[in-house]
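S.K.: no letters, just coordinates:
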């Protein structure tokens, strides 16, 4: 395993890039299966690798024949990772993925003392609450205008303004001046919208006593 890892790292450092890669996106907690086409029938060994932090190559598992049992490298087990191989392709199944499983995965075939790099897959793991956060953000934006309007109506409402002045100044003269102003406002409202005026008169909250 060590010589295989060193050879692969050397290959990566020389080439700097594998080839075109495909991207697979799954939600955290789901199961994903990565596929790699077998482009050589004379392979002796098939391996799966993962690139960490863009430079460090980790061996995941190896299998020595299409019908053999896979062996797993240090840090990987046969519970979360499952490797399968047949005459046409190899696969790597990862169960219960989390964000730490994100990275670049690729398969390799050992032939004639050389490792041939196969398909490359960029695996992206999305958090469980990504959709929930998106919905909450959208809802907050939709309610922003309504909430702001409610605040403006409350702050600039004449009822709030009058109550505030009476509380602060507590003046009899100011009381009668405000009562006149309120009467004029109600008269104006009765001309503009009689129906709303009737509804308002049914309540006692508008009266100054």
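M.R.: Perfect, thanks for sending it. Quick caveat: nothing in here was measured; it's all calculated off a predicted structure.
S.K.: could you point out the longest strand of the chain?
M.R.: Ranked by residue count under DSSP state E, the longest strand found in the chain is strand 114-126.
S.K.: which other helices and strands does that strand contact?
M.R.: Helices and strands touching strand 114-126, by 3 or more CB pairs under 8 Å, 6 or more residues apart in numbering; DSSP states H and E, are helix 2-15, strand 22-27, strand 32-37, strand 103-111. Backbone N, C-alpha and C define where each C-beta goes, glycine included.
S.K.: which residues does the second one contact?
M.R.: Okay, so that is strand 22-27. Residues outside strand 22-27 that contact it (CB atoms under 8 Å, 6 or more residues apart in numbering) are 32, 34, 97, 119-126, 128, 130.
S.K.: which of these are buried?
M.R.: Applying 16 or more other CB atoms under 10 Å to those, the neighbour count classes 32, 34, 97, 119, 120, 121, 123, 125 as buried.
S.K.: adding pLDDT and distance to residue 74, write the residues you listed out as CSV.
M.R.: Shown next, in CSV, are the buried ones among the contacts of strand 22-27 (pLDDT from 0 to 100; distance: CB to CB, whole Å):
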residue, pLDDT, distance to residue 74
32, 95, 22
34, 93, 20
97, 94, 20
119, 84, 24
120, 89, 23
121, 91, 22
123, 93, 20
125, 93, 22
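S.K.: so which bits of stretch 70-86 are buried?
M.R.: For stretch 70-86, burial by neighbour count (16+ other CB under 10 Å) applies to 70, 72, 73, 76, 81, 82, 83, 85.
S.K.: in which helix or strand would I find the spatially closest residue to the first one that is not a sequence neighbour?
M.R.: Nearest-residue entry for residue 70: residue 83, 4.0 Å, with adjacent residues in sequence omitted and distances by CB to CB, 6 or more residues apart in numbering. Under the criterion of DSSP states H and E, residue 83 resides in strand 81-85.
S.K.: now that strand and strand 103-111, what's the angle there?
M.R.: Using axes from the mean of the first three to the mean of the last three CA atoms, to 10 degrees, the inter-axis angle of strand 81-85 relative to strand 103-111 is 40 degrees.
S.K.: residue 52 and residue 72, how far apart?
M.R.: 16 Å (CB to CB, to the nearest Å).
S.K.: let me fix that: residue 117
M.R.: With CB to CB as the criterion, residue 117 and residue 72 are 20 Å apart.
S.K.: residue 62 now?
M.R.: Applying CB to CB to residue 62 and residue 72 gives a distance of 8 Å.
S.K.: do residue 37 as well
M.R.: Relative to residue 72, residue 37 is positioned 22 Å away (CB to CB).
S.K.: cool, residue 28 as well?
M.R.: Relative to residue 72, and taking CB to CB, residue 28 is found at 22 Å.
S.K.: residue 85 and residue 63 touch, don't they?
M.R.: Yes - the pair residue 85 / residue 63 is scored as a contact, 5.0 Å apart, by CB atoms under 8 Å.
S.K.: joint contacts of those two?
M.R.: Contact criterion CB under 8 Å, 6+ apart; residues shared by residue 85 and residue 63: 46, 70.
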